[in-house]
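In: Turn this into a structure:
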Amino acid sequence: MDWRLKVSSVQIDERMARRDPFGYMEAWIRRAAEDAPDVILLPEKWNLFSSPSTHFDGADKNGDRTRALLSRLAKAYKVNIVGGSVAEVRENKLYNTCHVFDRAGEEVLVYDKAHLYQAGIEQEFYAAGNGPGFMTIDGIPCGVAICYDMDFPEYIRCYALKGVDIMFAAFAWPAKWLEHMRLVIRSRAIENQCYVAAAGICKSDKAGNMRSGGSGLVSPRGDLLVYGASDEGIYSAVFEKKHLDEARRWQHFLNDRRGDLYRKHGL
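Out: Below is the predicted model of the structure:
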């Protein structure tokens, strides 16, 4: 199947979103939808910006508020929405969760972040997910990962081996890791020969200056098609099957894998 998909990543300023994160995100989704994308991608944990130690009380209960908002907007604008992630509580556990909705407003995936960052940041307060997040968007095989998940090449390779053409990744990294994030999204695109769409949050330093963000849309050759740096906004690019096929003819990383060798040495 030949396809062409316009993807828009939404990058918000946490300082502006703190007062009313759901209202603020709704305004940005509406703004993104005006440019008629096929997919809108949101950043990580856009509903809470405080210390993880406080997230349980402020989290979205069962994801109900998130589901209602994203479903309503996906249906209204006939757009796929990859909801980045929110802090949500289910069965008395706190999760970092992505909800994905199709153009009809139907939920097609619920994915919990599998790799939690070190104790005191996530591991102490959050429960981890138990597997990759696969879905199809307009018939295209896609995957979802959240922030630290993307730092594990063997995990993202699981998506590639299942035939994923596009990886959607939500981030909320501080400024000191911005260059790291850019390298990560480009590396995962190259080694898995897939498109990568990333959406980040602009965080400020102690002086109140905006520093992080890092939203980017990356080709299967690792080219940054668009990059958001530290500016709040909507970052869009078109992904095309023909360019994906060209990249896979250019190199043959997936076909030339030595699975037998990797298993022998513990992978």
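In: from here on, contacts and neighbour counts on C-alpha atoms
Out: OK.
In: Run through the helices of the stretch 101-250 of the chain in chain order.
Out: Ranges of helices in the stretch 101-250 of the chain, per DSSP state H, counting those that start in this stretch, are 153-161, 178-192, 241-250.
In: Which of these has the highest mean neighbour count?
Out: Among the helices of the stretch 101-250 of the chain, ranked by average contacts under mean count of other C-alpha atoms under 10 Å, first place goes to helix 178-192 (a mean of 21).
In: Quick one: list the elements packing against it.
Out: If you count contacts as 3 or more C-alpha pairs under 8 Å, 6 or more residues apart in numbering; DSSP states H and E, helix 178-192 packs onto helix 153-161, strand 195-199, strand 216-218.
In: Could you dump these into JSON lines and include distance to F171?
Out: Putting these into JSON lines (distance: least, C-alpha to C-alpha, whole Å) gives the following:
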{"stretch": "helix 153-161", "distance to F171": "15"}
{"stretch": "strand 195-199", "distance to F171": "6"}
{"stretch": "strand 216-218", "distance to F171": "11"}
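In: now the ones you listed as TSV including mean pLDDT?
Out: TSV is the format used below for the helices and strands packed on helix 178-192 (pLDDT from 0 to 100):
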stretch	mean pLDDT
helix 153-161	97
strand 195-199	98
strand 216-218	98
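In: among these, which is nearest H265?
Out: The minimum distance between H265 and these falls on helix 153-161, with 13.6 Å, by C-alpha to C-alpha.
In: I would like the residues contacting that closest one, please.
Out: Residues external to helix 153-161 that are found in contact with it (C-alpha atoms under 8 Å, 6 or more residues apart in numbering): 132, 134, 143, 149-150, 188, 192-194, 254.
In: avg pLDDT for stretch 247-254?
Out: The average pLDDT for stretch 247-254 rounds to 93.
In: who touches it?
Out: Contacts for stretch 247-254 (C-alpha under 8 Å, 6+ apart): 160-161, 191-193, 220-221.
In: got it, and stretch 120-140?
Out: In contact with stretch 120-140 (C-alpha under 8 Å, 6+ apart) are residues 3, 51-53, 80, 93-96, 102, 108-118, 141-145, 155, 158-159, 164-166.
In: swap in stretch 15-28?
Out: With C-alpha under 8 Å, 6+ apart as the test, stretch 15-28 has contacts from 10, 46-49, 69, 203-204.
In: if we can go back for a sec, any chance of the helices of the stretch 101-250 of the chain in CSV, with distance to G213 too?
Out: Supplementary listing: the helices of the stretch 101-250 of the chain in CSV, determined by distance: least, C-alpha to C-alpha, whole Å:
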stretch, distance to G213
helix 153-161, 22
helix 178-192, 7
helix 241-250, 26
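In: Please name whichever of those is nearest to A36.
Out: Per C-alpha to C-alpha, nearest to A36 of the helices of the stretch 101-250 of the chain: helix 241-250, 19.3 Å.
In: tell me the angle of the closest one relative to helix 178-192?
Out: With axes from the mean of the first three to the mean of the last three C-alpha atoms, to 10 degrees defining the directions, helix 241-250 sits at 80 degrees from helix 178-192.
In: CA atoms only: put helix 241-250 into PDB for me.
Out: Taking C-alpha atoms only, helix 241-250 is exported to PDB below (Å, rounded to 0.1, in the frame of the first residue of the first chain):
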ATOM      1  CA  LYS A 241       6.000   5.300   1.900                       C
ATOM      2  CA  LYS A 242       8.100   5.800  -1.200                       C
ATOM      3  CA  HIS A 243      10.800   7.400   0.800                       C
ATOM      4  CA  LEU A 244      10.600   4.600   3.400                       C
ATOM      5  CA  ASP A 245      11.100   2.100   0.600                       C
ATOM      6  CA  GLU A 246      14.000   4.000  -0.700                       C
ATOM      7  CA  ALA A 247      15.700   4.000   2.700                       C
ATOM      8  CA  ARG A 248      15.200   0.300   3.000                       C
ATOM      9  CA  ARG A 249      16.800  -0.300  -0.400                       C
ATOM     10  CA  TRP A 250      19.700   2.000   0.600                       C
END
